[in-house]
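K.L.:
structure of the sequence below:
(2 chains)
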Amino acid sequence: MVFPYTKAAKKKPADIGEDLGKYLVENSPNISAYNVINGFLNLSVDSSYWTNLLETVAGNDTYGQEASNGKKIMIEYSSPNTNKPLHLGHIRNILLGWSCSMIYQAAGYEVIKVQIVNDRGIAICRSMLAWQLFGDGETPESSGIKGDHLVGKYYVKFNTEFVKEYSEWQQTNEAKEVYAAKKKEDQDEAAFFKAYKNDYFNEFSYLGRDAKAMLVKWEANDPEVRALWKKMNGWVLGGFDATYDKLGVTFDKLYFESDTYLLGKELIEKGLKSKVLFKEGKRVWTDLSNIGMQKKTILKSDGTSTYTSQDLGTAQMRYNDYQAEKVVYVVGDEQISHFQGVFEILKRLEEPYAEGLYHLAYGMVDLPTGRMKSREGTVVDADDLVAEVIAEAQKSALERGELVDMDKTEQANTFRQIGLGALKYFILKVNARKRMVFNPQESVEMQGNTGPYIQYACVRCSGVARKAPEVNMILSADYTALQPQEKDLILKISQYPALIQEAAAAYDPAIVAAFAYDLAKLYNKFYHDINILKSESEAAKAFRLKLSGVVARTLKNAMHLLGMEVPPRM
RNA sequence: GGCUUCGUAGUUCAAUUGGAUAGAAUAUCAGAUUUCGGCUCUGAGGGUUGCAGGUUCGAGUCCUGCCGAGGUCACCA
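P.N.:
The predicted structure is shown next:
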């Protein structure tokens, strides 16, 4: 493309193209020809360039892994509440966090994977209270229910009981009086009570009163409440661990909100001194109008902490723990303004890590039928989903009569790899910041732009490469009549390291996913068009086997960045 | 309402960051191959990139206005 040079050179676009092309052919050994069309300069690359490139890549055992750059990055992901099991939204979060971790590792960073478990607050007290009232001593062991699901059951129970209580209350005289006194114009009873729910919880509800009382006791370190809290949180965390294990993700460090929610005092003192923050009574606030936001409360008028104060303190603590240059928060896009506020305050406080903070905001996951709503029971449970995709992989393989001769445990493992591969790819191929539609049927498809298609291509080319141990004996330089399919493959592979950097800079696994798919597709075309084992010459055969080996390795590497495994057979 | 994200084949997603004829997949139809591995390949139809202006050699991409869908506007987390 020569348009940008027209002004500087004061020539017609076509002439510049001619001059440049001519110069490059004469002076670069890699360029063999050129032509100019509509102001675009096209160059032809000599075959020795391609074979050399392939040799270089083949000889590099760590292709796609940058040398350490000595920098640290912390990636926070998952970070669930301990009152209910994980769902599809968490899965998107977890896969994004994991994949970004892998990408940054490949880009040369030391990665610290963390999560902050939200294990306190009124929501947790709701589950606890419901269990106390209706649980009858039920445990994961006694009921056979996975711990997180058991606690989730009582969270739901609380809500159904609360709704019942609320609708009964609406019939009372007290409710009629509240309605008469507080209703807005044109607001009928139904609309009013729908909007009044939270106020009811705080002012009139028995369940609400008891849950809040429990939270107060928890904060006062009441031994009985704390013991119950510990017991139920243990159940939930055990359940989460099982789910993480299924998904194949790990963490280097867990932070607990119960330990961090009081942090931030030190930074607040600093902010008050430097007039970044202001105090009225016990309340501390700041003005964020410069980034289009309003006043933000950091400490409440009773002096207690807020979400903001807690995140300020946590950021500082984690910097003290690890001194990471970058910190990525994988959190849903509904919290964009919260993090803008937190990051802005830290910048004003001139904290050394403030510039390296990044909120990786992802969009909500919708179902084909609309959005997920826990109240309407349309939430897709994480454990159910994982079981379903594995079952689907098994079903479709057995229907085709494949893998039946395989050892049972190996077979089960292969189905797991395929099912999870399908699920992970389906979610990660979509740009993170976009809202996405999750179709359970399509997620387990095996054809087209899917995980199993890529896995299959990889299995295929490593199978080909395995056929010929002599690939390492260099012959490929003698092969000069390269086919377009071969050039396309080498070109694609040569872009891989730059692509990793690009994906890291954009915090976007979808870039890697698109690459893996393109490469798989190019290989399948190559495989179809050219019969490798019946190549026209030994040199061509050696070249193609070597190429297959390099494709296999690159595909496997790219899939690893997406958290996908490659089955031994498919 | 203010701020903000988004709107691309029937559907799900791309588009090298402002570049060539907007590409894949899926579904539909028509073919090929079936070798090292059966989930492979080729082709066809399908688009006024929400609408209307503007900026320039050139706009899906940038600017303005409208329409539509989210998010957010707590002394909740």
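K.L.:
dump the residue contacts of the closest residue to RNA strand B within chain A.
P.N.:
Of all residues in chain A, A:Gly448 sits closest to RNA strand B, at 2.2 Å by C-beta to the nearest atom of the strand. To be clear about C-beta, it is placed using only N, CA and C from the backbone, and glycine gets the same treatment. By C-beta atoms under 8 Å, 6 or more residues apart in numbering, the contact set of A:Gly448 is empty.
K.L.:
check the secondary structure at it for me.
P.N.:
Three-state call for A:Gly448 (DSSP: H, G, I helix; E, B strand; the rest coil): coil.
K.L.:
what's the pLDDT at it?
P.N.:
At A:Gly448, the pLDDT value in this model is 88.
K.L.:
for the helix or strand hosting A:Ala191, buried residues please.
P.N.:
According to DSSP states H and E, A:Ala191 maps onto helix A:189-195. When neighbours are counted by 16 or more other C-beta atoms under 10 Å, the buried residues of helix A:189-195 are found to be A:192-193.
K.L.:
and stretch A:321-330, which residues are buried?
P.N.:
Neighbour-count burial for stretch A:321-330, with 16+ other C-beta under 10 Å as criterion, is recorded at A:322, A:324-330.
K.L.:
and if you look at stretch A:371-383?
P.N.:
Using 16+ other C-beta under 10 Å as the burial criterion, the residues of stretch A:371-383 that qualify are A:372, A:379-383.
K.L.:
could you do stretch A:192-208 as well?
P.N.:
When burial is assessed from 16+ other C-beta under 10 Å, stretch A:192-208 yields the following buried residues: A:192-193, A:196, A:200-201, A:204-205, A:207-208.
K.L.:
check stretch A:561-570 too.
P.N.:
Judged by neighbour count (16+ other C-beta under 10 Å), stretch A:561-570 contains these buried residues: A:561-567, A:570.
K.L.:
does the nearest residue to A:Asp518 once chain neighbours are set aside count as helix, strand or coil?
P.N.:
Taking C-beta to C-beta, 6 or more residues apart in numbering, and ignoring the residues beside it in sequence, A:Asp518 has A:Lys492 as its nearest neighbour in space, at 6.2 Å. For A:Lys492, the reduced secondary structure class is helix; criterion used: three-state DSSP.
K.L.:
with the one 5 residues further on instead?
P.N.:
Following three-state DSSP, we place A:Pro497 in the helix state.
K.L.:
make TSV from the buried residues of stretch A:192-208 and add distance to RNA strand B and pLDDT to it.
P.N.:
Compiled in TSV, the buried residues of stretch A:192-208 are given as follows (distance: C-beta to the nearest atom of the strand, whole Å; pLDDT from 0 to 100):
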residue	distance to RNA strand B	pLDDT
A:Phe192	18	80
A:Phe193	17	83
A:Tyr196	14	83
A:Tyr200	14	88
A:Phe201	11	89
A:Phe204	17	89
A:Ser205	15	91
A:Leu207	17	93
A:Gly208	13	92
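K.L.:
tell me which two in the residues you listed are the farthest apart.
P.N.:
Every pair in those was compared (C-beta to C-beta); the two farthest apart turn out to be A:Phe192 and A:Leu207, at 20.5 Å.
K.L.:
in the stretch 1-150 of chain A, where is pLDDT below threshold?
P.N.:
Low-confidence regions of the stretch 1-150 of chain A, defined here as pLDDT under 70, cover residues A:1-14, A:37-39, A:43.
K.L.:
all helices for it, in order.
P.N.:
A:6-9, A:13-27, A:47-58, A:88-106, A:122-134, A:140-143, A:147-169 (DSSP state H, counting those that start in this stretch).
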